[in-house]
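[1] Sequence and predicted structure are below.
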Amino acid sequence: MIKHIVMMRLVELDIREKESQRRLIKEKLEALQGVVPSLISMEVGLNTSDRDVAFDLVLVSTFKDEAGLEAYRLHPEHVLVLNFLRSLVKETAVTDYYLD
């Protein structure tokens, strides 16, 4: 099994707009469950910290192997979500690792 973790920092928005966009992103990502066959599990968390170094949201997803992760990356519904994110996300941090 492989874990895929993505942390996202959004572009500068007013507080109401940022909260609205964070929730919309969460909804769009979670909607991929049951649509992308290789996606075993997914969790999307919204940051609650007020620290400047904190990212706005995090995605933690699980796949059987790297081929499953690659299938997810290329899946048309995932690509639509990525295209939506491009105008809202200014920075990401990503890591993938195998579970023992």
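    Sure, I can see it. Numbers count the residues shown, from 1 in each chain.

[2] and the residue most central in space within the chain, what does it touch?
    For the chain, the residue sitting closest to the mean C-alpha position, by CA atoms, centre = their mean, is Leu59 at 3.9 Å. Going by CB atoms under 8 Å, 6 or more residues apart in numbering, Leu59 touches 4-8, 29, 42-44. Backbone N, C-alpha and C define where each C-beta goes, glycine included.

[3] Identify the single longest helix in the chain, thanks.
    When the chain is parsed with DSSP state H, its longest helix is helix 15-30.

[4] so what's the residue nearest to the centre of the chain closest to, chain neighbours aside?
    Val6 (4.5 Å; CB to CB, 6 or more residues apart in numbering).

[5] Which neighbouring elements make contact with the longest helix of the chain?
    Contacts defined by 3 or more CB pairs under 8 Å, 6 or more residues apart in numbering; DSSP states H and E place helix 15-30 against strand 2-10, strand 39-46, strand 57-63, helix 76-85.

[6] quick one: buried residues of the first one?
    By neighbour count with 16 or more other CB atoms under 10 Å, strand 2-10 contains the buried residues 2, 4, 6-8, 10.

[7] biggest separation within these, which pair?
    Across those, the longest distance by CB to CB is 26.2 Å; it joins Ile2 and Leu10.

[8] So the residue nearest to Leu59 sits against Glu91, correct?
    No - look at Val6 against Glu91 with CB atoms under 8 Å: they stay out of range, at 11.0 Å.
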